[in-house]
Every structure is written in structure tokens, then in C-alpha cells.
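[1] Provide a 3D model corresponding to the input given below.
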Amino acid sequence: MLALSLHYNMLQMNLAKRFLVAFALVLMLMPAHGQFACWVQFANKNGTTGTLSNPTAYLSSRAIDRRSKQHIAIDSTDLPVSANYIQQVLLLGGTVKHESKWLNGVTVLLTDTTSFLSGLRTLPFVLHFQVTQTPVASSGVAVQRVSEMPSMINDVYGNAYRQIDMHNGRLLHNAGFRGAGMIIGVLDAGFYKTDVLTVFDSLHIQNRLLGTHDFADPATPFYSNTESHGTSVLSTMAANWPDQMRGTAPDASYWLIHTEYSPSEYVVETDNWVAGAEFADSVGVDVINSSLGYTEFDNAKMNFKNSNLNGRTSRASIAATMCARKGMIVVSSAGNEGSNSWHYISTPADADSILTVGAVDYTSAHAYFSGYGPTADGRIKPDVCAVGVSSVIANTSNAITTGNGTSFSSPIMAGLVACLWQSLPSFTNMQIINLIKQYSTQYSSPNNSLGYGIPDIYAAYHNNTVATLSVSDKLSKGIVYFANGILHIDRTETVKSPALAMLFSQTGQKLAEWRIQNIPISFDLQAMPTGFYLLTISDSQSKEQYKLIKQ
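    Just a heads-up that it's a prediction; the model follows:
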């Protein structure tokens, strides 16, 4: 379900049945989806065309590298769905909308379900099926309510400085980490005018908009779809309009992935989400932002219950956890149901091993609409919080304004997550998530309104980078240093031989790896350009990190 911002007067309008996570999205009247959709799950992958020995047939090199870097094996969940099974299902009627290799099934579009469902019951390889959409005529929502933008201040970040300074994010930017080399996938409702707005100029000029994909409404040209929720969500991260607005990851690269069909609300949209997440994995995305959530639907029989918030009921939640198992970080909005009868977070915010973000105001107080935890199985949610009240965003009128909702607190945090991971490239996805919790204001006493609290991203970086060493540090440090283009490791503080040393670029690319049998040792790096590097030295028990400056 689409995430739009919830204002008090909007709650009076009986729009609460929809998870409106950020601001009331301007929608064009769109044609109804007058057909059925059905999810069909298979019992196995017999006959798959993929092999574990040749993953390049179905994964990009960057997706494979992400797994390799975090010691994640390619397994049967990565293999394509059996084409033979799909063909037998299609003989019953319909067309394929999505295939899911992680959940081993397909979403099929139909004009009639009677004979189709009867036929499915006869197929021995069909494990489970569910009708996820019924024909509906929908008028859409044609309102937009956002706060007035206060007068701009003289700051390169514009008024957006407040929502990043809450996490000491500018200090991390000033240290040289603004997301370069990281890829963020944005799963959202629509990206109207993203291709022409000034706030995204550098994204296009520097070729950091890597591509788009539409899983919700592929018949409509991507940037012509007048849904603009994704446009504003993207702006909190990617904006780079000096003195007007700068986002939390202005140097990152992005994939824009349309998964939410706003005029109607059906379980099929969780299948769109799964398809979008699998696509993001396949093209090598590091961080996913999802300002979407699903609780109740146009057909009430499909509604989730609070007891379903266990991370294992919604297919979107199952896929979000799978993203973590594939080495990505999913950052999900908690949802804006905190002040209504639902009260709790939504799905996929209930997923395990992801970062669920609630909303606070600029005083760090809980936003009245931000969804509460715990999950149905007792886990703390949200995990952390960021600004979701009067968050600074860009709109399709090429103006900087503000909006309310966890739709904005989530991407504000997602951009910072990407920058932190850039600064600590040897860390795994789960180490980064745990680090963010550890350096949050309520780490010692989390609760189900703010989770672990407000993260200090710079402290998470600074306190986990052991030392910054240059040539001039040789005499005073005497541990690790550059001299005449030679990297010297004279001693370590906790790591013992044999050990593994790895050298990373500032953008997180692994440049070299050495097995160290004895210390001291030297490596000739004269061919390396001057600049910042990160060196990690580890044994089976300990790891040390050094930020190096080659002058």
C-alpha cells in the first residue's frame, strides 16, 4: 500500500484504511485493473534452468560480489522458477505478472478464476495458491496536503540541515562519506518528473541514476505516471541543490523501482514488492528504501491482522528478510497507523533483520502517527527513528516544501545507512544494522515507540575506525603507516598472526588482500593514487581497522 503523509484533518477523511505513509499523493485518475490476480507457489524447483555453478546467468557481478564479500553462499533460492511448472499453470489460462525465485512461485493475471483454481488443485507441484486481487473500479485519491515551507536559511543543505544534523550526518559527509559507490534501490509508488527536476540535476549529469523498472503499471511511461510519492521520498536522499536542499546520500547511485499501484489496494501489491526486491538484488543494490506498507485492503477478506505481524505472513515481509540473507539492508517505514485503531507497524516493517524506522519531530519526540511495536512475536519495533514531522522534501513543482510521515523518516535514515556502510566497507549488512542500534539514544532501554532511539551516525563511524594515519604519523603511531609509497604494518594491538589484511578504496571497493603469516610486513603500494583508504586486519578472534591517507 502506498505511503502518504497523515495530517490530523486527513484522519477525519476516512482515508486511514490505506497505509498513507508520507503525504497525500497527487494521483491522476487511472484505469481500473479489471481482472483477477492469483499467487501460485510451487513445491520445488525441479526443471529450473539455473545452476549454482553459473550464477552469472541470473545475477549481476555486483550482486555476486556482495554475497562473496559477506561470505554468503549462492543457494537454491537464487535459482529461477521452473519454466515447466509455469507453462503448465498457464495452460489453465492467464498471463504471468511476476515470477519469484525466492518464494518459488508466480503471480498470474486472469479474467476468470473458476476453471483456473479448479485446475490448480490437480497439479501435484502446486504447494499453495491465493487470489490476491479481484476486479475493482477505483477513482483514486486527488488531494495533496503538505506543510508550508519556512523561509530558507543560508546553508548549503537548505532547511534539510536539521533532519541530517539530528544524526550528526553532516560530520560523516565532511569526513568524505556521502554515499559514493553505494547503490540504493527505492521501492515506491511513482517518480513523476524525477527526470526533469532541478533537485536531481547532479543525479543525471553524473549518471548515478542507474535505471528504472515498473512492476505496478508497466503500460504507463515511467516518468509520466503522475504519482509523485517516490519523487519526494527520493529527494530526502538524492537531492543536491546547493543552498536549497541536500539529501542524506547525495553522491550515491539509485535504481527507481515502481511497485505500488495507488488507485486500488490489494495483496497483489505485496507480490509487486517481492518482484521489486528480487530485481534490486539482481542488479547489485546495497540498500533498499521502502516507504510502503500493507495492512488492510479493498477486499476486507484479504486484510492482515495484528497477529500476522510476525515477519512470516506477508510475502513482502518474507522477501524483506530474504534481502537481508542476500547481504542487503532494507530500510522500511514503520507506518502511520499509530493514532488509529490499527496502532501498530505494518508489513513489511515487521520483517526480521531489517531496519524499521519510526518518525519523530525535531525535538526527538515520537510523532503521534508513527506506528508502534512490538511485532506479533515480541520483537522491538521500530528499530530506530528519524525526522518525520515537517521533513524537508522536494515536490513536482520544482519547489522545496515539507511533509509528514514515516515515508520520509525512512529514506532520511536509508541515505545515512548507505554513507555509514561506505565508511565501513568491511562490515556486513547485519553489523551495520547492529552498529546503528548500538549508537542510538535508547540502546540500553529500547521501547516500542522509538525503538533504540535516534542514531548518531558519525559516532558509529568514528568509534569504529581505529586510527587515521599519514606519513607524519610514523614516529608517533608506529603501527600502520605509509612511507615512500610503502604500506608498513609494524605491529597490531589485538590481532595475532596468521591474519588477513584487506585494503578498500574510499567507495568500498576491495583493492587488495594479503595473508599475513608474520608481522612486521610491508606492501609496495606506489602504484596506488593518493587519497583515503581503509585497511582491515583480522584473525579468527579480532579485527582492527585503519583509515589511511596516502599523500
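[2] can you give me the helices for the stretch 1-150 of the chain?
    Defined through DSSP state H, counting those that start in this stretch, the helices belonging to the stretch 1-150 of the chain, from first to last, are 8-11, 61-69, 83-90, 114-120.
[3] could you look up the SS state of the most centrally placed residue in the chain?
    Closest to where the C-alpha atoms of the chain average out (CA atoms, centre = their mean) is residue 288, at 1.7 Å. Classification of residue 288 by DSSP: H, G, I helix; E, B strand; the rest coil places it in strand.
[4] oh, and call the first residue 38 from now on, that's how I've got it
    Renumbered: residue one is now 38, and that last one reads residue 325.
[5] I'd say it and residue 316 touch.
    No. In this structure residue 325 lies outside contact range of residue 316 using CB atoms under 8 Å: 10.5 Å. Quick note: C-beta positions are derived from backbone N, CA and C, even for glycine.
[6] on that earlier part again, beta partners of the residue nearest to the centre of the chain?
    residue 222, residue 367 (DSSP bridges).
[7] for the protein, what's the longest helix?
    Longest helix in the chain, counting residues (DSSP state H): helix 443-460.
[8] so which elements touch whichever helix or strand comes after that helix?
    Past helix 443-460, further along toward the C-terminus, the next helix or strand under DSSP states H and E is helix 466-475. Helix 466-475 makes packing contacts with strand 366-370, helix 443-460, helix 494-499 when contacts are defined by 3 or more CB pairs under 8 Å, 6 or more residues apart in numbering; DSSP states H and E.
[9] make CSV out of the ones you listed and add mean neighbour count.
    Formatted as CSV, the entries for those read as follows, by neighbours: other CB atoms under 10 Å:
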stretch, mean neighbour count
strand 366-370, 31
helix 443-460, 32
helix 494-499, 22
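[10] tabulate those (CSV), appending distance to residue 552 and mean pLDDT.
    CSV is the format used below for these (distance: least, CB to CB, whole Å; pLDDT from 0 to 100):
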stretch, distance to residue 552, mean pLDDT
strand 366-370, 29, 98
helix 443-460, 25, 97
helix 494-499, 28, 90
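[11] out of those, the one nearest residue 139 is which?
    Closest approach to residue 139 among those (CB to CB): strand 366-370, 13.1 Å.
[12] ok and the closest one relative to helix 466-475, angle-wise?
    For strand 366-370 against helix 466-475, the angle between stretch directions is 40 degrees (axes from the mean of the first three to the mean of the last three CA atoms, to 10 degrees).
[13] count of neighbours near residue 362?
    For residue 362, the count of nearby residues is 16 (other CB atoms under 10 Å).
[14] tell me the pLDDT of it.
    Model confidence at residue 362, given as pLDDT, is 97.
[15] pull up the gap between it and residue 388, please.
    When distance is defined by CB to CB, to the nearest Å, residue 362 is 11 Å away from residue 388.
[16] list the contacts for the closest residue in space to residue 240 that isn't next to it in sequence?
    When the adjacent residues along the chain are set aside, residue 240 lies closest to residue 246, with 4.9 Å between them (CB to CB, 6 or more residues apart in numbering). With contacts taken as CB atoms under 8 Å, 6 or more residues apart in numbering, residue 246 has the following neighbours: 231, 237, 240, 290, 291, 293.
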